[in-house]
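[1] for reference, the sequence and a predicted model appear below.
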Amino acid sequence: MVQHNDTDLTAEPHGPSKAAELPVPGAVVPTHFRAFRHQQDCDLITETMHYLTQSGFYWGPLEVDEAHAQLAKLPLGTFLLRDSMQTNVFFTLSYQAPEGPTSVRVLLKDGAFSLAGSKHMFLCLFALLAYYIASPKKSLSRPYRGDAPQRLQELARRAVMRSCGKECIQQLPLSRNHKEFLWQYPFSI
């Protein structure tokens, strides 16, 4: 059984922009994440958390009422990801549906993500989001990153990823630092 207590998996309620406090070496960091049964699941969640903290639409331990209040006056399809309050579920997707703000659990089973009640499975959480953004139902349309203006670097990174895709990062005529910045969040969402 793999015990998980990395500080990377703690997030501030306002999204990924605030730095987490570093724990005392050797101290167990409190987290709602359960212990992993398989190293593969631990690695997948660790990688997903890395990308989520760069996304701007991950809000960490946000209560359902707070998430719904954030989304209440936003356009249909606006969404955010937050920690699930259930100990056996990692994330919850909250979005503005026609009937009002709605939340659905994001499940991890056999190394793949799915929404509760859905048969569609994805090896990457961002592939799951992209699928529902592109679906004919248009349940999801755009992530909610809060009211603060987004940094130009973040906007540029998403624009580059939309036009080139992560497959082309290595071939881009950019410095190593710029390529590393693109790899920190290689998604157009």
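    Sure thing, it's come through.
[2] what's the local residue count around P149?
    P149 sits with 8 neighbouring residues when counted by other C-beta atoms under 10 Å. All C-beta spots, glycine's among them, are computed from the backbone N, C-alpha and C.
[3] what do you get for F181?
    Other residues close to F181 by other C-beta under 10 Å number 17.
[4] let me see the domain layout of this protein.
    39-148, 149-188 (the TED database).
[5] okay if I get these as JSON lines plus mean pLDDT?
    Listed next are the domains of the chain as JSON lines, based on pLDDT from 0 to 100:
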{"stretch": "domain 39-148", "mean pLDDT": "92"}
{"stretch": "domain 149-188", "mean pLDDT": "85"}
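[6] out of those domains, which one sits most buried?
    Across these, averaging neighbours per residue (mean count of other C-beta atoms under 10 Å) puts domain 39-148 on top, at a mean of 17.
[7] distance between it and the chain's centre?
    Mean C-alpha position of domain 39-148 versus that of the full chain (C-alpha atoms, centre = their mean, to the nearest Å) differs by 6 Å.
[8] shift numbering so it begins at 51
    All right, first residue 51 from here; so that's domain 89-198.
[9] for the residue most central in space within the chain, helix, strand, or coil?
    Residue closest to the mean C-alpha point of the chain, counted by C-alpha atoms, centre = their mean, is L102 at 3.5 Å. Under DSSP: H, G, I helix; E, B strand; the rest coil, L102 falls in the helix class.
[10] which one is it nearest to, not counting chain neighbours?
    Leaving aside its chain neighbours, L102 sits nearest to Y108 (3.9 Å; criterion: C-beta to C-beta, 6 or more residues apart in numbering).
[11] which parts of the protein are helices?
    89-105, 114-121, 175-184, 202-214, 226-234 (DSSP state H).
[12] make TSV from those helices and add distance to D160 to it.
    Below are the helices of the chain laid out as TSV (distance: least, C-beta to C-beta, whole Å):
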stretch	distance to D160
helix 89-105	9
helix 114-121	27
helix 175-184	14
helix 202-214	28
helix 226-234	27
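[13] which one of these lies nearest to G167?
    When the helices of the chain are compared by C-beta to C-beta, helix 175-184 sits nearest G167, at 12.8 Å.
[14] can I get that closest one in PDB? Just the C-alpha atoms.
    The C-alpha trace of helix 175-184 is given here as PDB (Å, rounded to 0.1, in the frame of the first residue of the first chain):
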ATOM      1  CA  LEU A 175      -8.500  13.800 -16.400                       C
ATOM      2  CA  PHE A 176      -7.900  16.500 -19.000                       C
ATOM      3  CA  ALA A 177      -9.000  14.000 -21.800                       C
ATOM      4  CA  LEU A 178     -12.300  13.500 -19.800                       C
ATOM      5  CA  LEU A 179     -12.800  17.300 -19.600                       C
ATOM      6  CA  ALA A 180     -12.000  17.700 -23.300                       C
ATOM      7  CA  TYR A 181     -14.500  15.000 -24.200                       C
ATOM      8  CA  TYR A 182     -17.300  16.700 -22.400                       C
ATOM      9  CA  ILE A 183     -16.400  20.100 -23.700                       C
ATOM     10  CA  ALA A 184     -16.500  18.700 -27.300                       C
END
